[in-house]
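1. quick one: sequence and predicted model below, then my questions.
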Amino acid sequence: GGRYAQIGDEAEAQVVVISKELAESLNRSSDSLRARELVPYPSGQLEAITLREASGAVRFSLKRHGGDAAGVFRVVPSSPSSGQGASTRAERRVVETLLVNLAELEAKSFSEGAAGQASDGPVEWSLVVQVAADPVVELRLDVKGDCGDPQDKLVVRSGAHPARACVDAAALERLNLAAGKLVDRYVVGAAPTAVVELQLNASDRVIDVARKGTGWHLRRPREGSADGQAVDRWLEAIIEAKGELLPPLEATDVAALGLQPPRATGRIVSLPPRGRDGPERIETIDVGNELDGRVVVRRREDGALLRLSAKQAAALVPRSTSLRSSRVIEVPAESITSVSVDAGDVRQKVTRDLGDDSWTLRQPRGLGLQVDPALAAQLTREVAGLEALRWVADTPRAEFGLSSPWCVIHILVDQSQADPAPAAEGGEPDAGPRWKPSKAGDPGERLRLHLGSETEGGYYATLGGDAAVFVVSRRFARLAQQWLIDRTALMVNTKSVNQ
């Protein structure tokens with residue numbers, strides 16, 4: 001399996017035997033040693049990316065913008081008739097994918113010949129990349145016809161590092177984007193993990209948080225630690241807020257759009273994009289007043305105006321519930337001594353004797369009807385640790401359906417069996433409406449849960465005298481409507497049936 005090899009010049013040559021693997025390594029073509037990356041630069045050094053059609057017309061052009069935008073890409077309009085007006089911020093998610101696809105674009109093999117030779121065929125489209133250097137480096141990738149295999153395309157690289165290569169057609173197609181896909185329709189451009197400061201201001205409330213170590217620190221309305229999970233959920237809702245980009249003609253009268261003055265303003269500070277040196281990125285937004293169920297938001301970073309649904313824009317206005325924990329009730333399940341449910345046709349009440357932990361069915365009453373202890377215990381556990389899917393408003397609105405709730409649940413908590421949750425510092429109810437002790441000597445605390453209209457993921461709800469509205473899951477609503485009766489009482493011995 002070995003190979004003969006000659007070492008040294010002819011006068012002093014020595015013949016030795018080498019392994020087959022070593023012989024194959026020494027016999028490699030020069031192409032096998034060439035770098036395969038067609039854009040051999042870190043994404044942080046790319047300053048501009050332009051895609052041109054076969055005609056030479058620009059389909060899209062991305063250029064980095066300095067200042068507070070910290071080198072973020074913007075979509076430069078290809079013509080005055082494009083309807084974009086000035087350059088608009090490019091969507092982070094799409095740009096990140098584009099940069100990854102560029103970095104992963106590799107030559108399967110290299111082809112001999114001069115760039116632009118007639119046998120290559122016409123250019124189908126081109127990608128021009130500018131790289132930050134002194135002077136600026138420019139690469140041009142011309143995509144041409146098949147490269148001997150219908151799964152591959154011939155790419156001619158000119159400018160820096162000229163080459164002709166066969167490239168996977170599918171990998172190229174991932175770069176062949178429509179211009180409209182690049183325009184950012186999100187309110188905030190930063191990634192949630194990059195945000196280091198977040199401040200929302202309204203006439204009646206300010207919320208200001210900043211990262212501290214692995215968590216969050218609350219700076220306003222009071223100084224202290226913040227619930228990290230609550231801040232993360234709030235930040236995610238802000239980052240995911242997305243709307244319709246208004247054309248320039250519709251965006252001229254800001255007063256008619258509810259932005260003079262704005263209902264709230266926001267300031268989001270984030271780290272610069274990966275691979276870039278420079279100042280922190282600062283995004284400022286103006287949140288308009290609600291008009292016909294819609295809210296217009298202005299991004300000061302690029303001047304764009306977005307129209308959002310009131311639901312999407314809700315996270316952009318500071319509320320007393322913005323930083324509340326998702327845990328609505330937090331008491332030991334064993335401290336609950338009574339649960340009653342009024343849900344239309346389902347009216348029932350069960351009580352528990354703490355002495356022997358036994359359950360009794362109080363309503364409905366009937367011969368042979370008994371409580372199912374497992375079902376009663378399951379409902380009790382769900383109530384004792386009730387979680388909100390999300391907080392939606394500080395006060396109920398008509399569409400929440402809470403003025404005439406379809407389901408009302410009363411819970412009695414034995415105070416001797418439960419430790420009250422601590423009140424939030426400074427009187428700010430960001431810990432959520434958890435159970436708290438009533439007057440000393442009272443036998444127990446009654447909690448009242450109202451369920452209203454159906455919404456995405458569940459039902460609107462309120463707890464007791466707290467006006468804040470949250471959403472409970474459909475699973476919890478189904479459980480609340482379930483009869484807690486032992487089904488064995490309804491079973492019939494078929495052997496005793498005569499007719």
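-> Cool, got the structure.

2. contacts and neighbour counts: CA atoms only from here.
-> OK.

3. could you check the pLDDT of the nearest residue to Val155 once chain neighbours are set aside?
-> Sequence neighbours aside, Val143 is the residue nearest to Val155 in space, at 4.7 Å (criterion: C-alpha to C-alpha, 6 or more residues apart in numbering). Looking at Val143, its pLDDT reads 93.

4. test my guess that Val143 contacts Val156.
-> Yes: with contacts defined as C-alpha atoms under 8 Å, Val143 counts as touching Val156 at a distance of 6.7 Å.

5. what lines up beside whichever strand or helix holds the residue nearest to Val155 in the sheet?
-> Using DSSP states H and E, Val143 sits in strand 137-146. Sheet pairing of strand 137-146 (DSSP bridges) gives strand 125-131 (antiparallel), strand 152-159 (antiparallel).

6. what's in contact with that strand?
-> Strand 137-146 has contacts (C-alpha atoms under 8 Å, 6 or more residues apart in numbering) with 39, 120-131, 152-161.

7. now a PyMOL select for only the buried ones of those.
-> Of the contacts of strand 137-146, the buried ones can be selected in PyMOL as follows, counting by 16 or more other C-alpha atoms under 10 Å:
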select buried, resi 39+120+123+125+126+127+128+129+130+131+152+153+154+155+156+157+158
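
8. rewinding a little: for Thr97, see how far away the residue nearest to Val155 is.
-> As judged by C-alpha to C-alpha, to the nearest Å, Val143 and Thr97 stand 20 Å apart.

9. of the two, who's got more company?
-> Neighbours were counted for Val143 and for Thr97 using other C-alpha atoms under 10 Å; Val143 has more, 25 against 13.

10. list the beta-bridge partners for the more buried one.
-> Assigned bridge partners for Val143, using DSSP bridges, are Trp125, Val155.

11. where does pLDDT dip in the stretch 1-150 of the chain?
-> Where the stretch 1-150 of the chain drops to pLDDT under 70, the residues are 24, 26-34, 66-70, 78-86, 113-119.

12. one more pass at 50, please.
-> Regions of the stretch 1-150 of the chain meeting the criterion pLDDT under 50 cover residues 81-84.

13. cool, the stretch 301-450 of the chain as well?
-> Looking at the stretch 301-450 of the chain by pLDDT under 50, you get 422-433, 435-442.

14. now the helices for it?
-> With helices called from DSSP state H, counting those that start in this stretch, the stretch 301-450 of the chain shows them at 310-313, 373-384.

15. export the ones you listed to CSV and tack on distance to Ala256 and mean neighbour count?
-> Putting these into CSV (distance: least, C-alpha to C-alpha, whole Å; neighbours: other C-alpha atoms under 10 Å) gives the following:
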stretch, distance to Ala256, mean neighbour count
helix 310-313, 17, 18
helix 373-384, 46, 18
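
16. Ala343: which of these is closest?
-> helix 373-384 (14.3 Å; C-alpha to C-alpha).

17. counting contacts, what elements does that closest one pack onto?
-> Judged by 3 or more C-alpha pairs under 8 Å, 6 or more residues apart in numbering; DSSP states H and E, helix 373-384 is in contact with strand 336-343, strand 358-363, helix 474-480.

18. could you find the closest non-adjacent residue to Glu387?
-> Arg327 (4.6 Å).

19. shouldn't that neighbour be in contact with Arg390?
-> No: using C-alpha under 8 Å, Arg327 makes no contact with Arg390, being 9.9 Å away.

20. who's more crowded, these two?
-> In this view Arg327 and Arg390 are compared by other C-alpha under 10 Å, and Arg390 has more residues nearby, 22 against 17.

21. list the contacts for the more buried one?
-> Applying C-alpha under 8 Å, 6+ apart, the residues near Arg390 are Ser326, Phe470, Val471, Val472.

22. Ala313: which of those residues is nearest?
-> Nearest to Ala313, judged by C-alpha to C-alpha, of the contacts of Arg390 is Phe470 at 16.2 Å.

23. check the secondary structure at that closest one for me.
-> Following DSSP: H, G, I helix; E, B strand; the rest coil, Phe470 is assigned to strand.

24. who are the contact partners of it?
-> Contacts for Phe470 (C-alpha under 8 Å, 6+ apart) come out as Ala388, Leu389, Arg390, Trp391, Val392, Ala393, Tyr460, Ala461, Thr462.

25. bridging residues for the fourth one?
-> To tie it back to what came earlier, the one meant is Trp391. Phe470.

26. surely it touches Val471?
-> Yes: Trp391 is within contact range of Val471, at 6.5 Å (criterion: C-alpha under 8 Å).

27. one step back: the strand holding Val143: how far from the chain's middle?
-> 35 Å (C-alpha atoms, centre = their mean, to the nearest Å).

28. ok, now how distant is the closest residue to Leu141 other than its chain neighbours from Val350?
-> Leaving aside its chain neighbours, Leu141 sits nearest to Arg157 (4.7 Å; criterion: C-alpha to C-alpha, 6+ apart). Distance from Arg157 to Val350, counting by C-alpha to C-alpha: 77 Å.

29. chain neighbours aside, what residue packs nearest to Lys20?
-> Leaving out its chain neighbours, the residue that sits closest to Lys20 by C-alpha to C-alpha, 6+ apart is Gly2, at 4.9 Å.

30. what's the burial count for the one you found?
-> Neighbours of Gly2 using other C-alpha under 10 Å come to 12.

31. now Gln229
-> Neighbourhood size, Gln229 [other C-alpha under 10 Å]: 15.

32. identify the residue spatially nearest to it, adjacent ones excluded.
-> Ser325 (7.6 Å).

33. packing partners for the longest strand seen in the chain?
-> Counting residues, the longest strand found in the chain (DSSP state E) is strand 444-455. Packing partners of strand 444-455 (3+ C-alpha pairs under 8 Å, 6+ apart): strand 407-414, strand 458-463.

34. of these, which stretch is the most buried?
-> strand 458-463 (a mean of 24; mean count of other C-alpha atoms under 10 Å).

35. pull up the pairing partners for that strand, direction included.
-> Sheet partners by DSSP bridges: for strand 458-463, these are strand 444-455 (antiparallel), strand 466-473 (antiparallel).
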